[in-house]
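Undergrad: Let's see this in three dimensions:
(one chain, ligands or ions: 2)
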Amino acid sequence: MYYVKAPAKINLTLDVLHKRPDGYHEVEMIMTTVDLSDRIGLERREDGKIHILSVDRFVPTDFRNLAYQAAKILKEMYHVKSGVTIKIEKNIPVAAGLAGGSSDAAATLRGLNTLWSLGLSLDELAQIGTKIGSDVAFCVYGGTALATGRGEKIRELPSPANCWVILAKPTLGVSTADIYGSLKINQIEHPKTKQMIEAIEKKDFVQMCDSVGNVLENVTLKLYPEVANLKDQMQKFGADAVLMSGSGPTVFGIVQHESRVQRIYNGLRGFCDEVYAVRLIGERDSLA
Ligand SMILES: C[C@@](CO)(OP(=O)(O)O)[C@H](O)COP(=O)(O)OP(=O)(O)OC[C@H]1O[C@@H](n2ccc(N)nc2=O)[C@H](O)[C@@H]1O
Ligand SMILES: Nc1ncnc2c1ncn2[C@@H]1O[C@H](COP(=O)(O)OP(=O)(O)O)[C@@H](O)[C@H]1O
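TA: Ligands and ions are numbered 1, 2, ... in the order given. The predicted structure follows:
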């Protein structure tokens with residue numbers, strides 16, 4: 001098996017500018033990857049089939065799987081005769097606002113580019129990823145970026161200040177489409193995107209904490225009060241900044257000092273079964 005890493009993302013900012021005629025929302029968001037990853041194993045098949053293996057009961061093993069869609073698109077576009085078995089070792093919670101499915105698709109694109117010797121650039125893979133979902137292009141590159149359009153236009157940013165990220169995922173899944181659908185555009189309080197970019201460029205941790213914001217947060221918090229409760233707890237235990245990621249329901253806290261991480265982690269475990277303490281992976285690295 002050839003293994004590829006598929007890391008989760010968090011949204012440090014998420015702004016919506018307007019609703020587009022195609023039904024999507026024009027966004028402006030800053031995303032970065034964190035060291036909580038699925039592992040994708042790829043093995044060439046001579047029968048030409050695409051086969052998904054996963055023991056996670058929330059992961060579909062048919063055409064609905066985003067990794068399946070990634071393989072199918074590449075196979076069709078480049079007339080590849082071989083098939084592939086795609087083994088998904090799931091560590092990223094599903095339907096959590098952490099882009100697990102998108103990252104699996106992106107890792108599959110990167111991995112098959114090597115396994116099938118396609119010689120495509122990251123830019124070409126990202127463009128293909130856009131056909132699968134709005135977050136796939138970002139996941140092809142990883143690192144830190146400003147994403148615009150419906151999320152597929154990527155401008156690379158440097159790595160933010162070094163820090164820890166604590167993720168807490170309540171036991172509920174949210175539908176991204178429903179959350180965008182319930183957003184009232186005229187009531188949006190826009191996050192400080194420019195200030196966040198500046199904070200990242202200066203590696204200024206305090207300014208980064210002051211600049212986090214996500215316009216989808218209020219929508220999800222209203223629908224699911226347990227997410228608001230988790231946010232309060234994370235703040236109470238002493239995270240430096242707390243925000244919901246994407247459409248939720250995962251809440252993340254950023255923490256500068258390692259000495260505080262264990263205390264916050266232990267405190268949250270009393271309220272929430274799924275808590276992770278990980279490092280930020282701010283740089284694009286060799287993911288494939
Ligand atoms: C909210 C975000 C923030 O990073 O992430 P998640 O919470 O999913 O992780 C993304 O915008 C989600 O991206 P992704 O999950 O790839 O969305 P897609 O599959 O392309 O779209 C799912 C649905 O969400 C809505 N959608 C998505 C993106 C966008 N810019 N505007 C939208 O209105 C549309 O209703 C679309 O049918
Ligand atoms: N490889 C995959 N891993 C997880 N979920 C997947 C995958 N492929 C398709 N899905 C479907 O995509 C939906 C959203 O999953 P995910 O990417 O984990 O969440 P989010 O969009 O909130 O970040 C899930 O409900 C699941 O049925």
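Undergrad: is any part of the host helix or strand of Ile200 close to ligand 1?
TA: Per DSSP states H and E, Ile200 falls inside helix 193-202. No: Helix 193-202 lies apart from ligand 1 when judged by C-beta under 6 Å from any ligand atom; the minimum separation is 13.8 Å. Where C-beta positions appear, they are placed from N, C-alpha and C, glycine not excepted.
Undergrad: next one: stretch 228-247
TA: Yes: residues of stretch 228-247 are located near ligand 1 by C-beta under 6 Å from any ligand atom, namely 246-247.
Undergrad: list the helices and strands the helix holding Ile200 packs on?
TA: Counting contacts by 3 or more C-beta pairs under 8 Å, 6 or more residues apart in numbering; DSSP states H and E, helix 193-202 packs against strand 2-19, strand 25-45, strand 144-149, strand 153-157, helix 205-211.
Undergrad: And for Ala161, the neighbour number?
TA: Other residues within reach of Ala161, judged by other C-beta atoms under 10 Å, total 18.
Undergrad: Please apply the same query to Leu125.
TA: 23.
Undergrad: Would you double-check that it falls in a helix?
TA: Yes: read with DSSP: H, G, I helix; E, B strand; the rest coil, Leu125 is one of the residues of a helix.
Undergrad: still on that earlier bit, how far off centre is the helix holding Ile200?
TA: How far helix 193-202 lies from its chain's middle: 20 Å, per C-alpha atoms, centre = their mean, to the nearest Å.
Undergrad: same thing with stretch 188-206?
TA: 19 Å.
Undergrad: so where's the longest helix in the protein?
TA: helix 100-115 (DSSP state H).
Undergrad: Restricting to C-alpha, output the helix holding Ile200 in PDB.
TA: The C-alpha coordinates for helix 193-202 follow below in PDB (Å, rounded to 0.1, in the frame of the first residue of the first chain):
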ATOM      1  CA  THR A 193     -10.000  39.200   7.800                       C
ATOM      2  CA  LYS A 194      -7.300  41.800   7.000                       C
ATOM      3  CA  GLN A 195      -6.300  42.000  10.600                       C
ATOM      4  CA  MET A 196      -6.000  38.200  10.700                       C
ATOM      5  CA  ILE A 197      -3.700  38.200   7.600                       C
ATOM      6  CA  GLU A 198      -1.500  40.800   9.200                       C
ATOM      7  CA  ALA A 199      -1.400  38.800  12.500                       C
ATOM      8  CA  ILE A 200      -0.300  35.700  10.500                       C
ATOM      9  CA  GLU A 201       2.300  37.600   8.600                       C
ATOM     10  CA  LYS A 202       3.700  39.100  11.800                       C
END
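Undergrad: about what we covered before: highest average neighbour count across the helices and strands packed on helix 193-202?
TA: strand 2-19 (a mean of 22; mean count of other C-beta atoms under 10 Å).
Undergrad: okay, now the residue of the chain found nearest ligand 2: neighbour count?
TA: Using C-beta to the nearest ligand atom, the single residue of the chain nearest to ligand 2 is Gly101, 2.8 Å away. Gly101 is flanked by 27 other residues according to other C-beta under 10 Å.
Undergrad: who's in contact with it?
TA: Taking C-beta atoms under 8 Å, 6 or more residues apart in numbering as the definition of contact, the neighbours of Gly101 are 65-67, 94, 133.
Undergrad: For Leu223, see how far away it is.
TA: Gly101 sits 21 Å away from Leu223, going by C-beta to C-beta, to the nearest Å.
Undergrad: before we move on, the earlier item: may I see the helices and strands packed on helix 193-202 arranged in JSON lines, with distance to ligand 2 as well?
TA: Listed next are the helices and strands packed on helix 193-202 as JSON lines, based on distance: least, C-beta to the nearest ligand atom, whole Å:
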{"stretch": "strand 2-19", "distance to ligand 2": "8"}
{"stretch": "strand 25-45", "distance to ligand 2": "7"}
{"stretch": "strand 144-149", "distance to ligand 2": "14"}
{"stretch": "strand 153-157", "distance to ligand 2": "17"}
{"stretch": "helix 205-211", "distance to ligand 2": "22"}
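Undergrad: Output these in TSV, with mean pLDDT appended to each entry.
TA: Supplementary listing: the helices and strands packed on helix 193-202 in TSV, determined by pLDDT from 0 to 100:
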stretch	mean pLDDT
strand 2-19	97
strand 25-45	98
strand 144-149	98
strand 153-157	98
helix 205-211	98
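Undergrad: can you tell which of those is closest to ligand 1?
TA: When the helices and strands packed on helix 193-202 are ranked by proximity to ligand 1 (C-beta to the nearest ligand atom), strand 25-45 comes first, at 3.6 Å.
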